[in-house]
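# Below are the sequence and a predicted model; questions follow.
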Amino acid sequence: MLTLTLILLIGVALLFDFLNGLHDAANSIATIVSTRVLSARWAVVWAAFFNFIAFIFFGTQVAKTVGAGIISPDLINDQVIFAALMGAIAWNLITWWRGIPSSSSHALVGGLVGAGLCVAGADAVVWAGLGKTAAGIVASPALGFTLALLLVLVVSWACVRFTPFAVDSTFRRLQFVSASMYSLGHGGNDAQKTMGIIAALLYAHGMGGPPGEFHIPLWVILSCQAAMGAGTLFGGWRIVHTMGSKITKLSPMQGFCAETGGAITLFLATHLGVPVSTTHTITGAIVGVGAAKRASAVRWGVARSIVFAWVVTMPMAGLMAAAAYFLAGLWM
């Protein structure tokens, strides 16, 4: 039975999903906006649509990792979920306001770990799942960087006989395809994290399907995809500027390579059930296309500040979640 507390917590989870879309909209649209292939207004509509329909193409492996593979499902209760969401939301709002492209995914994972540690210490953590997520901090930007770099080299060689105008015109059209692919990857990986949280809540309330089975109801899938798409519609303009122009200047061809390399990385991670950061992935890909031109084309100082934000995201969200856990204990 849906209690008032459960309804409110599901609402908070969907708020996080909305803010995730708002915070990470830049990941989907930064390259296509910075190359002026599409205006910001239409870019968010384009990205939001593909964010929403992503559930058609992907399973729920990531949702199961987040819901049952970070902390023990038997320890999950209303207080833990509330604290985890508050820690993640607080960190997302801080980094969004400062224009820092941090990871909503790792903020949520950090929040779960912080709240779990408050309940049962280190025994609460499912170390295999956490290790898989932590590995994604390094693997996703590294793979995005490598794929984007290789794509730039291959495309540059293939287009050597064409005029700059022809190359530019071709890749302006192709960026619609690559941006769609990246938005699909974003919606497929990121929306599942909130699905996992809501499914864990339902499981804790005895509404998670057959005993021993971690089930994701269809209404949870649709509501999470819709919340993320709505958040994307509002955009993340502060972060668009950082991602699209501060790291390196992009041409349509480079934008296509960055988005395609990032999309392939997200498709692979989602298939494997690894909750990676779309922010980390596209940042690695953008740095990769910049480095393919020349190392000095990348503003390494900006890149270093972004990496620093990646490192502190999980512990900071965890600390905020721990504080929220003890505050929630006063009234829950």
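Ah, there it is. Numbers count the residues shown, from 1 in each chain.
# low pLDDT regions in the stretch 1-150 of the chain?
Low-confidence segments of the stretch 1-150 of the chain, defined by pLDDT under 70: 1, 25-28, 101.
# ok, which stretches of this structure are helices?
Ranges of helices within the chain are 4-34, 40-52, 61-68, 78-97, 104-120, 127-158, 164-204, 218-234, 237-241, 252-272, 278-293, 300-328, based on DSSP state H.
# how about stretch 82-93: buried residues?
Within stretch 82-93, the residues that count as buried by 16 or more other C-beta atoms under 10 Å are 82-92. Any C-beta I mention is one placed from the backbone N, CA and C, and that applies to glycine too.
# How about stretch 136-149?
The neighbour-count check on stretch 136-149 (16+ other C-beta under 10 Å) flags 136-137, 139-141, 143-145, 147-149 as buried.
# out of those, who's nearest residue 118?
Within the set of the buried residues of stretch 136-149, residue 137 lies nearest residue 118; the separation is 23.0 Å, counting by C-beta to C-beta.
# I figured that closest one hits residue 279, correct?
No - contact between residue 137 and residue 279 fails when scored by C-beta atoms under 8 Å: they sit 10.7 Å apart.
# between these two, what contacts are shared?
When contacts are counted by C-beta atoms under 8 Å, 6 or more residues apart in numbering, residue 137 and residue 279 are jointly contacted by 103, 310.
# Residue 11: which of the buried residues of stretch 82-93 is nearest?
Nearest to residue 11 among those, counting by C-beta to C-beta, is residue 85 at 10.2 Å.
# Thought residue 14 was touching that closest one, still the case?
No - contact criterion C-beta under 8 Å: residue 85 and residue 14 do not qualify, at 10.0 Å.
# Which pLDDT value goes with residue 209?
pLDDT for residue 209: 62.
# do the same with the one 10 residues further on
Listed pLDDT for residue 219 reads 93.
# can you tell me how far it sits from residue 207?
12 Å (C-beta to C-beta, to the nearest Å).
# between these two, who's got more neighbours?
More crowded of residue 219 and residue 207, by other C-beta atoms under 10 Å: residue 207, with 14 against 9.
# separation between the more buried one and residue 217?
Noted for residue 207: a distance of 9 Å to residue 217, by C-beta to C-beta.
# Centroid-wise, who is the farthest residue in the chain?
residue 161 (38.0 Å; C-alpha atoms, centre = their mean).
# tell me the phi and psi of that residue?
Dihedral pair for residue 161: phi -90, psi 0, per degrees, to the nearest 10.
# for residue 276, same thing?
Torsion angles, degrees, to the nearest 10, at residue 276: phi -90, psi 170.
# That one: how many residues sit nearby?
Other residues near residue 276 number 30, with proximity taken as other C-beta under 10 Å.
# What are the neighbouring residues in contact with it?
Going by C-beta under 8 Å, 6+ apart, residue 276 touches 105, 133, 136, 139-140, 189, 265-266, 269.
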